[in-house]
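Chemist: I would like the atomic coordinates for the input below:
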Amino acid sequence: MITAGLVKELREKTGAGMLDCKKALEASNGSLDAAIDWLREKGISKAAKKSDRIAAEGLADILVEGNNAVVVEVNSETDFVAKNEEFKGLVKTILETIIKSDVESLEDALNLDVDGTTLNDLIISKTATIGEKLSLRRFKKITKTDSQSFGSYIHMGGSIAVLTLIDGASTEVARDVAMHAAAMRPKYVRREEVPEAEVEKERVVLKEQAMNEGKPAEIAEKMVEGRLRKFYEEICLEEQAFVKDSDLKVAKFVSNNGGKILEMVRFEVGEGIEKKEEDFAAEVAKQINGN
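Modeler: Below you'll find the predicted structure:
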C-alpha cells in the first residue's frame, strides 16, 4: 500500500512533485530505493539538486481581469531561461491560478490546485524539465471598485513590473504613475507608510552628518528636518517630482486629474537577492574544454 507518509518521504528525498512520487512508488511496488531510481531515470529528481542554487533572474509580470489584478515575480537562475517560452508559460499559469483565488500568503499560493497538482509541485516539475532552479518569490493581488483604475506597466520585457490603484482617475493616469514608479523606484506611496524605525535611523544619520559639518546641536536638529523632506521625496511616490512634468509632484498630477493614489506594487526582478558573480565566457570555455 502506498501511504501518504511514504510519498512525503520520497518527495523530501528527491524534490519531485507529489504525483510523480506516487507514480514512482506505484511503479516500484512501494520500494523507496527503487522509486528514487525510477525518478532519476525519468530525470525528475534532479530538481532537488538545484534547491540550494541562487535564482535571481526571471520575470515580473501582471495579469488584470476585470476588477482583479495580480503582480508576481518568478525567478530563474539565468536570463536565458527567463526568455524561454516554457518558463513564460509557467508565469502565465501562476498568474491565472492566483487571480482566481483569494490567497494572501506565499505558502497558500503554492498549495493552490493546478489540474490535479499543486502550484508548488508544478514549479518543481518545471525545475526538472527546464534544468534550472525556479521559484515563485512573491505576489500581490489587488481588487478594485468600478470607480477605481488599475495602472500596469512592464519594463524591459519583465525586469520590472508596477501595478498602481488610483481612485477617481483614468487608466491612462494610473499607467503614467506606474511608468513613473518603474523609473524612480519609490518604496512607499506616502510618508505615513514609512516605518518609524526607518525614519529614526535616517534622522540619526542626518544629525551625525550635520554635526560633522561643525554645526551646533540646535542648528543640526533644524537641518535634519529640512533634509528629511528630501528623504521623503526620494522614497515616497506622492512626493516625487513627476517624470513627465518635473514642476509637479506625482500626487498633484493625480489630483489635477481628479484622482488619488491608493496603492502601488513595484517588483524588480532579483532586488534584494545576493547574486553570484560569474564570468560567463570563462564558464563556457571551461565546458568546451571539458574541465
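
Chemist: quick one: the residue sitting furthest away from the middle of the chain from Ser105, how far?
Modeler: In terms of distance from the mean C-alpha position of the chain, Pro216 ranks first, at 44.9 Å (C-alpha atoms, centre = their mean). From Pro216 across to Ser105, the span is 50 Å (C-beta to C-beta, to the nearest Å). Bear in mind the C-beta positions are built from the backbone N, C-alpha and C, glycine included.

Chemist: For the stretch 151-291 of the chain, which segments count as strands?
Modeler: With DSSP state E, counting those that start in this stretch as the criterion, the stretch 151-291 of the chain has strands at 160-167, 241-242, 245-249, 260-268.

Chemist: Ok, which of these comes nearest Ala197?
Modeler: Proximity to Ala197 (C-beta to C-beta) singles out strand 260-268 among the strands of the stretch 151-291 of the chain, at 21.1 Å.

Chemist: I'd like the distance from that closest one to the chain centre, please.
Modeler: Distance, stretch centre to chain centre, for strand 260-268: 13 Å (C-alpha atoms, centre = their mean, to the nearest Å).

Chemist: what's the burial count for the residue nearest to Ser101 when sequence neighbours are not counted?
Modeler: Among residues not flanking Ser101 along the chain, Leu112 sits closest, at 5.6 Å (C-beta to C-beta, 6 or more residues apart in numbering). Per other C-beta atoms under 10 Å, the neighbour tally for Leu112 reads 17.

Chemist: Quick check: Leu112 touching Thr97?
Modeler: Yes: with contact defined as C-beta atoms under 8 Å, Leu112 reaches Thr97; the gap is 5.2 Å.

Chemist: any common contacting residues for these two?
Modeler: Leu119 (C-beta atoms under 8 Å, 6 or more residues apart in numbering).

Chemist: Tell me which other helices or strands the helix or strand containing Ile98 touches.
Modeler: According to DSSP states H and E, Ile98 maps onto helix 85-99. Counting contacts by 3 or more C-beta pairs under 8 Å, 6 or more residues apart in numbering; DSSP states H and E, helix 85-99 packs against strand 57-65, strand 68-76, helix 119-130, strand 135-143.

Chemist: need those in TSV with mean neighbour count, distance to Asp37 and mean pLDDT, can you?
Modeler: As requested, the helices and strands packed on helix 85-99 are exported to TSV (neighbours: other C-beta atoms under 10 Å; distance: least, C-beta to C-beta, whole Å; pLDDT from 0 to 100):
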stretch	mean neighbour count	distance to Asp37	mean pLDDT
strand 57-65	21	32	97
strand 68-76	24	28	97
helix 119-130	21	15	89
strand 135-143	18	27	97
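
Chemist: Can you lay out those as TSV showing distance to Val243?
Modeler: As requested, these are exported to TSV (distance: least, C-beta to C-beta, whole Å):
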stretch	distance to Val243
strand 57-65	20
strand 68-76	20
helix 119-130	36
strand 135-143	23
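
Chemist: Glu268 is nearest to which of the ones you listed?
Modeler: strand 57-65 (7.0 Å).

Chemist: just to revisit the earlier point, output the helix holding Ile98 as CSV, restricted to C-alpha atoms.
Modeler: Extracted in CSV, the C-alpha atoms of helix 85-99 (Å, rounded to 0.1, in the frame of the first residue of the first chain):
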residue,chain,number,x,y,z
GLU,A,85,8.6,30.1,-23.8
GLU,A,86,8.1,27.2,-21.3
PHE,A,87,9.1,29.5,-18.4
LYS,A,88,6.9,32.3,-19.7
GLY,A,89,4.0,29.7,-19.9
LEU,A,90,4.7,28.8,-16.2
VAL,A,91,4.5,32.5,-15.2
LYS,A,92,1.2,32.8,-17.1
THR,A,93,-0.2,29.7,-15.3
ILE,A,94,0.9,31.1,-11.9
LEU,A,95,-0.9,34.4,-12.7
GLU,A,96,-4.1,32.7,-13.9
THR,A,97,-4.1,30.4,-10.8
ILE,A,98,-3.6,33.2,-8.2
ILE,A,99,-6.1,35.6,-9.8
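
Chemist: Quick check: buried residues in it?
Modeler: Phe87, Lys88, Leu90, Val91, Thr93, Ile94, Leu95, Thr97, Ile98, Ile99 (16 or more other C-beta atoms under 10 Å).

Chemist: tilt between it and strand 135-143?
Modeler: 40 degrees (axes from the mean of the first three to the mean of the last three C-alpha atoms, to 10 degrees).
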